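dropping the sequence and predicted coords here.
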Amino acid sequence: MPATSIDTFLACTVIITATLIATGFLFSSMQTSINNTKDINKNSYLQSIAEQIITNPGSPTDWGASNLVPTDFGLARSTSNSYELDIDKVSRLNSQNYFSLRYADMLKASKLNNVALGISASQVMSIIIQQTSDDNLKTTNSFNFTVSTNINSEPTNANLTAYVFANNVLENITADIQNTEVGVNNFAVQIPTNAEDNAMLVVFARASFDSRITSYGVYSFLSAAQEIAPSNDTLVLTPINYTLSIMTNLSDLTIQNGYILSFDHQQTLSLPENGSQCLIPKLIDQSPYVIILNGVNNGTYVQTWTAYPQIPLNAGSSFSGSEQNVFSYTVTINDVLYKVEISFGDVTP
């Protein structure tokens, strides 16, 4: 082949190769763009559903105040400000409640097909209660505690209110709390020796820079640990629509005392002699409530507690081993700030 023909052949080969490479690059770029657009569309679709759940009261608008199953799912108050959730709609997501909303009903009301849904809620400020020492005396034991408060793992200065409940008696120990450093407080608690197994410590913390950031923690002396949820499943308390429903499988239970606690207030509950419900008073306080009930069953002391709203909360899918698309919000419930995450699984055709 003449030299000029060889040159022409090589030039054509280079051009064809370059064209194929460029075409492949174009197809690859187009595919990447299509995939990115698909992800954007999926993200926008899921985010719009999450926004709808957070800002829409659902239908009927008061579905949280009863055992109604909503036809349209939304957690907002019926007359809400932006990102203000209904205390009862949130509490009905707790699977331990007598009036809890089933996951299947939640999915149906959310109009979701083949998409997993999960909802979690937590306090903005975390409280960690730790027992540091105890002094055993003849009739009274003295316990020393450290309470740490943090937001996003950063120590946060907060004011504390603490209550100790033992032998059916509630005491406020606010005056004894000492602030030692940012985010750390110390105090001591005295408990009769014969009441130690049934004693509880309830701590409320309010961030110094914003009264809407108020949290609670409950410590059980029986287990010597902080409780995230009530450990007594024989006596279940369900707070809905400012009414406390009391469910138990104990045939001879007699309820003796009940208390409702907040950061600034404590009040005795008016318990019915024979009945399974009592009213929850509306305390004027920017604070979650902790409700304590105690009684006797065949001579055995029985005690439990619940929070209102019932946060921390994890409802719906656990997303074990599957994709999870998370949308985070800061919301208010009764003028207190909380963190809420709406999670979805993968969108399938």
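Great, that's in hand. Numbers count the residues shown, from 1 in each chain.

geometric centre of the protein: which residue is closest?
Nearest to the geometric centre of the chain sits P312, at 2.5 Å (Cα atoms, centre = their mean).

touching, it and I228? I think so.
Yes. Using Cβ atoms under 8 Å, P312 is in contact with I228, at 6.1 Å. Yep, even glycine has a C-beta here, placed from its N, CA and C like the rest.

give me the distance between S343 and N297.
Separation of S343 from N297 (Cβ to Cβ, to the nearest Å) stands at 40 Å.

please, where are all the strands along the stretch 201-349 of the chain?
Secondary structure of the stretch 201-349 of the chain (DSSP state E, counting those that start in this stretch): strands located at 214-220, 225-227, 235-240, 243-248, 253-261, 266-268, 277-279, 289-297, 300-308, 313-316, 325-333, 336-344.

could I get these as TSV with mean neighbour count, mean pLDDT and distance to V69?
Below are these laid out as TSV (neighbours: other Cβ atoms under 10 Å; pLDDT from 0 to 100; distance: least, Cβ to Cβ, whole Å):
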stretch	mean neighbour count	mean pLDDT	distance to V69
strand 214-220	23	97	30
strand 225-227	15	95	30
strand 235-240	22	92	14
strand 243-248	17	91	18
strand 253-261	19	90	29
strand 266-268	14	94	33
strand 277-279	15	91	21
strand 289-297	21	92	26
strand 300-308	20	92	22
strand 313-316	18	94	15
strand 325-333	17	97	22
strand 336-344	22	97	20
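
for the residue nearest to the centre of the chain, give its distance to N94.
Look at P312 and N94: by Cβ to Cβ, they are 10 Å apart.

re earlier: how about CSV for the strands of the stretch 201-349 of the chain, with distance to A121 added?
Shown next, in CSV, are these (distance: least, Cβ to Cβ, whole Å):
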stretch, distance to A121
strand 214-220, 12
strand 225-227, 17
strand 235-240, 15
strand 243-248, 20
strand 253-261, 20
strand 266-268, 25
strand 277-279, 25
strand 289-297, 15
strand 300-308, 11
strand 313-316, 4
strand 325-333, 8
strand 336-344, 5
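
now do the buried residues in the helix or strand harbouring K108.
Using DSSP states H and E, K108 maps to helix 103-109. Across helix 103-109, burial judged by 16 or more other Cβ atoms under 10 Å covers Y103, M106, L107, A109.

pLDDT of it, averaged?
When pLDDT is averaged over helix 103-109, the result is 94.

chain center to it, what's the gap?
Taking Cα atoms, centre = their mean, to the nearest Å, one finds helix 103-109 lying 19 Å from the centre of the chain it belongs to.

which helices and strands sit right next to that helix?
Helices and strands touching helix 103-109, by 3 or more Cβ pairs under 8 Å, 6 or more residues apart in numbering; DSSP states H and E, are strand 117-123, strand 313-316.

need those in a markdown table (columns: distance to P281).
Formatted as a markdown table, the helices and strands packed on helix 103-109 follow (distance: least, Cβ to Cβ, whole Å):
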| stretch | distance to P281 |
| --- | --- |
| strand 117-123 | 22 |
| strand 313-316 | 23 |
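
can you tell which of these is closest to V336?
Nearest to V336, of all the helices and strands packed on helix 103-109, is strand 117-123, at 8.5 Å by Cβ to Cβ.

show the average pLDDT along the closest one.
Across strand 117-123, the average pLDDT comes to 97.

name all residues that make contact with I53.
Neighbouring residues of I53 by Cβ atoms under 8 Å, 6 or more residues apart in numbering: F73, G74, L75, S110, I119, I342.

hey, what's V184 bridged with?
Assessed by DSSP bridges, V184 has beta-bridge partners S148, E181.

how near is it to K111?
Here V184 is placed at a distance of 47 Å from K111 (Cβ to Cβ).

those two: which is more packed in?
With neighbours defined as other Cβ atoms under 10 Å, V184 and K111 compare such that V184 has more, 17 against 12.

now do the strands in the stretch 51-200 of the chain.
117-123, 126-136, 140-151, 154-155, 158-166, 169-172, 178-181, 184-192, 200-207.

only alpha carbons, please: show the fifth one as PDB.
It stands for strand 158-166. Output of strand 158-166 as PDB, limited to C-alpha atoms (Å, rounded to 0.1, in the frame of the first residue of the first chain):
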ATOM      1  CA  ALA A 158     -29.500  24.000  81.300                       C
ATOM      2  CA  ASN A 159     -31.500  24.600  84.400                       C
ATOM      3  CA  LEU A 160     -32.800  21.500  86.200                       C
ATOM      4  CA  THR A 161     -35.900  20.500  88.100                       C
ATOM      5  CA  ALA A 162     -35.800  17.000  89.800                       C
ATOM      6  CA  TYR A 163     -38.500  15.000  91.600                       C
ATOM      7  CA  VAL A 164     -38.000  11.800  93.600                       C
ATOM      8  CA  PHE A 165     -40.900   9.500  94.100                       C
ATOM      9  CA  ALA A 166     -40.700   6.900  96.900                       C
END
